[in-house]
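Undergrad: What follows is a predicted structure for the sequence shown.
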Amino acid sequence: MICILFVKYLCGCKNGGVKVDDNAEVKKKPKLSNNKKRKIERLANDAKLAFNNGDLVLAEACCQKILQIDADNGDAYLVMGSIVERMGDLQRAKSLFEYGLQKKTGHRMLLAKCGEINCKLQQFVNAEQFWNHYTTLYPGDVAGWHSLSGTMIALQRWESAIPAAKEAVRLAPKRAELHKNLGVALYMGNHEDEAEEAYGNAVMLAPQCVDSRCDLAKILMERGEMDEAREHFHKLIELDPKHAIAYHSLMRFWQVKEYDDLIKGAEALCESAELSSEARIMLSFGLGKAWEDLKDYDKSFGYYELGNKLYREGISYDVEDDRRDVEEIKQLFTREMLDERCSGRNDGAGLIFIVGMPRSGSTLLDRIISAHPKVIDTGEHDFFRKAAGVLSSDNSGRMNLIKLIEQSDEAITAAAKSHIENIRRNFGAAEYYTDKALPNIWLIGAIRLILPGAKIIHCSRNPLDNCLSIFAHNFEGTLFKYGYDLRELGAYYRVYLDMINHWQKVLPSDAYYNISYEALVADPEEQTRRIIAFSGLEWDDNCLSFYKQNSRVRSASLAQVRQPINKASVERWKRFEQQLQPLVDALGEAVEHS
């Protein structure tokens, strides 16, 4: 039984498990004889061989013998840490690796293990230090640069990840996984053209790699290269007949015109007992869209309902939490408080925040405004949430609104300046920027407080159409937990409506503007002119031909916004009128007043 390691080196000891007498006199370590060196080498080889063969007891015994001869032996700590890691105790393995590295600074494998174990423990700031040290000592080792870039990606420090990923590619240009990793860093850092090239290189080097091909297909769709993207998705299914993302994308982003082999294959796969819940969810939403295209609305809704049911089983949500948050917002962000704090300040002039429920027309509006030559579209990001979080963070892990509004004018102005600089640094210089991060719907008060010169445009839509569109989409992440049950969705919509009614009452008309999706599609030119004027821009005809833009679209509406405005989605809910009765009941007065 492996127990001596835990007792001698781990239990209750300092510095990762080795007892140290703080008052002991530091003595010079005696030089090892050649015989002892040869014995240590043999034991180290035996320990590594035993470990590789799964004989952990023998491996431990060899390490103990090594440490009796040389208490600072790095190879012994490497194997000991690896034994503990294999047994599942990552924290103690980390202690052993790091203590061994203290004894043998620069030990190549220990240094790498320290980086790896910290990544496994999601202690990425620590991991960064080890991988930076590793690449300094061993700049020719591609694994170090690859691991450093991966750590930077985990920390969402894209601009630091990119040069490390590029160095890995330079050292080993024929390795497809390095090009893929570079593509991720470039894509997340908003260098889409370079990201597309990196993904393309990965596919060229490893045509059978489905992950790289899938990433390439997605980025091609965002760019509007739909035919090429479609070819890649079909190739994905050829390479992997169970590739749920490919099936989902082909049904979701292209019009389904017949009950063909694609749909039959997706249905068969969806019923497979071996399929993961995540894959079944994706296929369900894709099949819901396919059967809606084929006008079999009963079958369509059945698949939408299945996908939502499966997704809802994996999350925790209580609408009362959102209701309490709205009440706090209403109490704290009053007209009087905002008028007083914003008086005489114009921070954020040129920033245009587009907010609203998902699937309310926000992407369409963003494309219209960003078609203006003076505007840069910054897409969806969390830059403002982070800026507000600096002012409002506490130990709860949530935004402390009381702490936010109690900040000094100087602190708020500094946060505004930092946010604007961050936008310019990441997206380039421009007079105007759009930001359509939908979670900002909860930060309207913070936007007004920190950036009183910014414009806030709220997109609204018929609640039944809006909620149906949410129910028919599987959103990535966990930001929209309310969207997977019709009753919860309706209850949340009423909470959201209460919050929006508050902002309409307390925000001035030159800062807050509401545009309904139905009004926009009914009279595009008139409504577009009003939006452009509110934003502080001069009129430009490009805003009416927004669908001709070549810029990328990162949203579920990437296909629709490349077409002229049409009314195809207005009153879509009537196709499912009978199935939506629980939603109608939950919405209550919200339906009557829509």
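TA: Now that the structure is in, tell me what you want to look at. Numbering: from 1, shown residues only.
Undergrad: where in the stretch 401-550 of the chain is pLDDT low?
TA: Residue ranges of the stretch 401-550 of the chain with pLDDT under 70: 477, 550.
Undergrad: and stretch 584-594, which residues are buried?
TA: For stretch 584-594, the buried set under the neighbour-count rule, 16 or more other CB atoms under 10 Å, comprises 584, 586-587, 590-591, 594. For every residue, glycine as well, the C-beta is placed using N, CA and C.
Undergrad: quick check, Phe475 in a helix?
TA: No - using DSSP: H, G, I helix; E, B strand; the rest coil, the secondary structure at Phe475 is coil, not a helix.
Undergrad: wait, it sits on Arg359?
TA: No - Phe475 is beyond contact range of Arg359, at 9.3 Å (criterion: CB atoms under 8 Å).
Undergrad: Show me which of these two is the more surrounded one.
TA: The residue with more neighbours, out of Phe475 and Arg359, is Arg359; 27 against 17, by other CB atoms under 10 Å.
Undergrad: Phi and psi next, for that one.
TA: Backbone torsions for Arg359, taken as degrees, to the nearest 10, come to phi 60, psi 30.
Undergrad: again, but for Ile402
TA: Ile402 adopts backbone torsions of phi -60, psi -40, taken as degrees, to the nearest 10.
Undergrad: What separation is there between it and Ser393?
TA: 12 Å (CB to CB, to the nearest Å).
Undergrad: the more surrounded of those two?
TA: It is Ser393, of Ile402 and Ser393, that has more neighbours when counted by other CB under 10 Å, with 15 against 11.
Undergrad: For the protein, which helix extends over the most residues?
TA: The residue-count maximum for a helix in the chain (DSSP state H) belongs to helix 486-506.
Undergrad: Please enumerate the helices of the stretch 1-150 of the chain.
TA: With helices called from DSSP state H, counting those that start in this stretch, the stretch 1-150 of the chain shows them at 4-5, 34-52, 56-69, 74-86, 90-103, 108-120, 124-137, 142-154.
Undergrad: Buried deepest among those helices, which one?
TA: Scoring the helices of the stretch 1-150 of the chain by mean neighbour count under mean count of other CB atoms under 10 Å gives helix 74-86 as the most buried, with a mean of 25.
Undergrad: which secondary structure elements does it contact?
TA: With contacts taken as 3 or more CB pairs under 8 Å, 6 or more residues apart in numbering; DSSP states H and E, helix 74-86 sits against helix 4-5, helix 34-52, helix 56-69, helix 90-103, helix 108-120.
Undergrad: same thing but at 6 Å, please
TA: With contacts taken as 3 or more CB pairs under 6 Å, 6 or more residues apart in numbering; DSSP states H and E, helix 74-86 sits against helix 34-52, helix 56-69, helix 90-103, helix 108-120.
Undergrad: send the alpha carbons of it over as CSV?
TA: What follows is helix 74-86, C-alpha atoms only, in CSV (Å, rounded to 0.1, in the frame of the first residue of the first chain):
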residue,chain,number,x,y,z
GLY,A,74,14.6,16.5,-8.5
ASP,A,75,13.9,13.2,-10.4
ALA,A,76,12.6,11.7,-7.1
TYR,A,77,10.2,14.6,-6.5
LEU,A,78,9.1,14.3,-10.2
VAL,A,79,8.1,10.7,-9.8
MET,A,80,6.6,11.2,-6.3
GLY,A,81,4.5,14.0,-7.5
SER,A,82,3.4,12.0,-10.6
ILE,A,83,2.4,9.1,-8.3
VAL,A,84,0.2,11.3,-6.2
GLU,A,85,-1.2,13.0,-9.3
ARG,A,86,-2.2,9.6,-10.7
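Undergrad: Specify the angle between it and helix 90-103 in degrees.
TA: Using axes from the mean of the first three to the mean of the last three CA atoms, to 10 degrees, the inter-axis angle of helix 74-86 relative to helix 90-103 is 170 degrees.
Undergrad: any idea of the angle helix 74-86 forms with helix 34-52?
TA: 20 degrees.
Undergrad: just how off-centre is helix 74-86 within its chain?
TA: 34 Å (CA atoms, centre = their mean, to the nearest Å).
Undergrad: Where does pLDDT dip in this protein?
TA: For the chain, applying pLDDT under 70 flags the ranges 1-29, 395-397, 477, 550-566, 592-594.
Undergrad: According to the record, where do the domains of it fall?
TA: Using automatic domain parsing, the domain parsing of the chain gives 1-20+32-104, 241-312, 326-592.
Undergrad: could you dump the ones you listed to a markdown table with distance to Leu186?
TA: Listed next are these as a markdown table, based on distance: least, CB to CB, whole Å:
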| stretch | distance to Leu186 |
| --- | --- |
| domain 1-20+32-104 | 31 |
| domain 241-312 | 21 |
| domain 326-592 | 13 |
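Undergrad: Relative to Lys218, which of the ones you listed is closest?
TA: With distances scored as CB to CB, the stretch of the domains of the chain nearest to Lys218 is domain 241-312 (7.8 Å).
Undergrad: now the helices and strands packed on helix 74-86 as CSV including distance to Cys342?
TA: Shown next, in CSV, are those (distance: least, CB to CB, whole Å):
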stretch, distance to Cys342
helix 34-52, 64
helix 56-69, 65
helix 90-103, 48
helix 108-120, 44
